[in-house]
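Engineer: structure of the sequence below:
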Amino acid sequence: MTAASEPHAPEFPVISMDQILGFMIQQKGSDLHFSANAVPRIRVHGELKPFGLPPPPRDVAKDLIYSILSDEQRRKLEDTKDLDSSYEIPGLSRFRVNVCYQRGLIRTTIRTIPTDIKSFADLKMSAPVFEKICRIPKGMILVTGATGSGKSTTLAAMIDYVNRNRESHIVTIEDPIEFVHPDMNCMVTQREIGADTSTFASALKHVLRQDPDVVLLGEMRDRETVQVGLELAETGHLTFATLHTADAVQTINRIIDIFPPEQQPQIRTQLGFVLEAVVCQQLLKTKDGKGRVVAQEILLATQGVRANIRSDKIHQIYSVLQTGMQLGMVTMNQSLFNLVQKGLIEPEIALKNSSRPEELEKMLQEGLPRPDGDGDGDGLDSSEAAAQAGDKPPAEEKKRPAGPAAVNRNAKW
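Structural biologist: Take a look at the predicted model:
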């Protein structure tokens with residue numbers, strides 16, 4: 001075959017990044033992977049699929065990616081070769097953006113952030129338990145899980161509940177800002193790393209001078225962030241934070257192990273006093289393949305849990321989880337079992353995503369009864385949970401304003 005007759009790569013069409021992102025939302029995609037000289041792909045219900053576009057040449061890819069960056073962001077990218085930022089298409093959606101280089105070629109990963117904040121009921125989470133958690137006046141609440149497990153969505157629902165039902169000052173420190181919270185009953189201050197403050201450490205150093213009642217740390221990344229988070233909770237603030245851990249016991253161990261051995265007894269004591277709840281979660285493909293559903297492990301810090309942390313008997317906390325269903329606690333295996341019983345996920349998917357598959361397999365074989373209730377974990381309706389918590393049944397939430405009609409509600413859990 002002569003050079004003149006060799007087939008040519010298809011020409012990349014004239015298209016804007018806004019059009020590409022709009023098409024991703026239309027296809028119910030959660031993430032776009034866009035790189036020079038590589039076929040663009042989108043993640044749909046957890047799986048990467050070709051986008052239907054040819055590989056963009058180096059210059060085209062750079063122009064498209066630069067089109068959604070400010071001049072300052074472009075300079076930072078050229079200096080450091082890495083960038084985290086956010087982007088918004090008014091009337092459509094917000095996006096979390098990461099830009100980097102691989103083998104000398106520019107690439108970006110862009111995640112959809114829905115503009116509307118969903119309620120606990122919308123997310124099929126146990127509203128009575130999460131409302132109870134959000135009514136806690138002070139202490140530390142951790143939401144954990146792997147990347148892409150819906151931690152930001154769960155935290156947004158919790159902050160939104162606080163915003164609607166308390167009269168407080170909420171300060172969030174995020175990298176970047178994802179869900180935007182307008183002032184409601186609360187005043188909300190949202191600070192973005194890079195745009196509003198230089199680093200997490202700098203923002204945390206000054207946060208106590210800003211008279212906060214509730215603080216959201218986007219992520220406890222290192223020893224310094226964990227230490228400040230514990231101190232915030234200890235000084236009377238309700239502190240929300242995230243970690244990339246798979247279960248409640250691992251979460252507690254991770255916080256303690258990040259400190260040197262000589263400091264760990266002090267941290268166990270501190271954590272034993274301030275910890276209020278740990279929510280560990282993962283997103284699983286539904287049985288019909290048309291979406292994903294959340295499985296959650298919920299640990300509430302009872303006196304027994306606190307005593308086990310302080311006395312370094314953390315391995316015994318799983319037993320507390322197993323027997324704490326009446327308080328709203330649930331193990332990951334109980335949550336997975338409930339999803340199988342409801343016909344939402346396949347047993348094989350549940351077993352594959354369990355850290356204790358032998359226990360779950362036994363539960364599935366014995367067909368243990370599933371607690372009744374709307375949530376996937378606690379098995380309590382509103383009146384039962386309120387009675388056990390010593391509260392009146394929670395009032396129905398105020399009706400939420402509808403988001404823009406153009407937003408695809410299923411683009412991201």
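Engineer: can you count the residues close to the closest residue to Thr235 other than its chain neighbours?
Structural biologist: Nearest residue to Thr235, sequence neighbours excluded (CB to CB, 6 or more residues apart in numbering): Leu208, at 7.2 Å. Using the backbone N, CA and C atoms, a C-beta is placed for each residue, glycine as well. When counting by other CB atoms under 10 Å, one arrives at 15 neighbours for Leu208.
Engineer: now Ile314
Structural biologist: 18.
Engineer: what stretches of the protein score poorly on pLDDT?
Structural biologist: 1-9, 368-413 (pLDDT under 70).
Engineer: for it, just list every one of the strands.
Structural biologist: Along the chain, counting by DSSP state E, strands occupy 29-35, 41-44, 47-50, 82-89, 93-102, 105-113, 139-144, 169-174, 187-192, 214-217, 238-243, 275-285, 292-300.
Engineer: chain center to the longest helix along the chain, what's the gap?
Structural biologist: Counting by DSSP state H, the longest helix found in the chain is helix 151-165. Offset of helix 151-165 from its chain centre (CA atoms, centre = their mean, to the nearest Å): 11 Å.
Engineer: for it, buried residues please.
Structural biologist: Neighbour counts over helix 151-165 (16 or more other CB atoms under 10 Å) mark 151-163, 165 as buried.
Engineer: that older thread, possible to save the strands of the chain as CSV with mean neighbour count and distance to Met325?
Structural biologist: Below are the strands of the chain laid out as CSV (neighbours: other CB atoms under 10 Å; distance: least, CB to CB, whole Å):
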stretch, mean neighbour count, distance to Met325
strand 29-35, 22, 32
strand 41-44, 20, 34
strand 47-50, 11, 33
strand 82-89, 18, 39
strand 93-102, 18, 35
strand 105-113, 20, 33
strand 139-144, 24, 20
strand 169-174, 22, 31
strand 187-192, 18, 34
strand 214-217, 25, 28
strand 238-243, 24, 24
strand 275-285, 23, 15
strand 292-300, 25, 10
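Engineer: ok, Leu364 touching Pro347?
Structural biologist: Yes - using CB atoms under 8 Å, Leu364 is in contact with Pro347, at 5.7 Å.
Engineer: what touches both of the two?
Structural biologist: Val340 (CB atoms under 8 Å, 6 or more residues apart in numbering).
Engineer: so which of the strands of the chain comes closest to Asp312?
Structural biologist: strand 275-285 (14.5 Å; CB to CB).
Engineer: what is that closest one packed up against?
Structural biologist: helix 127-134, strand 139-144, helix 151-165, helix 248-257, strand 292-300, helix 303-310, helix 332-341, helix 347-352 (3 or more CB pairs under 8 Å, 6 or more residues apart in numbering; DSSP states H and E).
Engineer: residues contacting the residue most central in space within the chain?
Structural biologist: Geometric centre of the chain, nearest residue: Lys151, 1.3 Å, by CA atoms, centre = their mean. If a contact means CB under 8 Å, 6+ apart, then Lys151 has Val143, Thr144, Gly145, Thr242, Gln281 as its contacts.
Engineer: for the residues you listed, work out which two are farthest apart.
Structural biologist: Largest pairwise distance in those, by CB to CB, is 10.6 Å, between Thr242 and Gln281.
Engineer: what do the two both touch?
Structural biologist: Val143, Thr144, Lys151.
Engineer: who touches the nearest residue to Asp247 once chain neighbours are set aside in this structure?
Structural biologist: Once flanking residues are discounted, Asp247 sits nearest to Cys280: 5.1 Å by CB to CB, 6+ apart. Neighbouring residues of Cys280 by CB under 8 Å, 6+ apart: Thr144, Gly145, Thr245, Ala246, Asp247, Ala248, Thr251, Gln296, Glu297, Leu299, Met332.
Engineer: what is the nearest of those to Arg191?
Structural biologist: The nearest one, if we look at these relative to Arg191 and count by CB to CB, is Thr144, at 22.4 Å.
Engineer: that closest one touches Val279, doesn't it?
Structural biologist: Yes - taking CB under 8 Å as the definition, Thr144 is a contact partner of Val279 at 7.1 Å.
Engineer: coming back round to it: of the strands of the chain, which is nearest Ile65?
Structural biologist: Proximity to Ile65 (CB to CB) singles out strand 105-113 among the strands of the chain, at 5.0 Å.
Engineer: so what's Ala307 up against?
Structural biologist: Gly272, Lys313.
Engineer: ok, it to Gly104 distance?
Structural biologist: Distance, Ala307 to Gly104, using CB to CB, to the nearest Å: 55 Å.
Engineer: now do Glu361
Structural biologist: 48 Å.
Engineer: if you count what's nearby, which of those two comes out ahead?
Structural biologist: Set Glu361 next to Gly104 and count neighbours by other CB under 10 Å: Glu361 wins out with 15 against 7.
Engineer: how about the more buried one, nearest residue that isn't a chain neighbour?
Structural biologist: Looking at Glu361 with CB to CB, 6+ apart, the closest residue is Leu351, at 6.2 Å.
Engineer: burial measure for Ala350, as a count.
Structural biologist: Ala350 has 26 nearby residues by other CB under 10 Å.
Engineer: test my guess that it contacts Leu336.
Structural biologist: Yes - between Ala350 and Leu336 there is a contact under CB under 8 Å: 4.1 Å.
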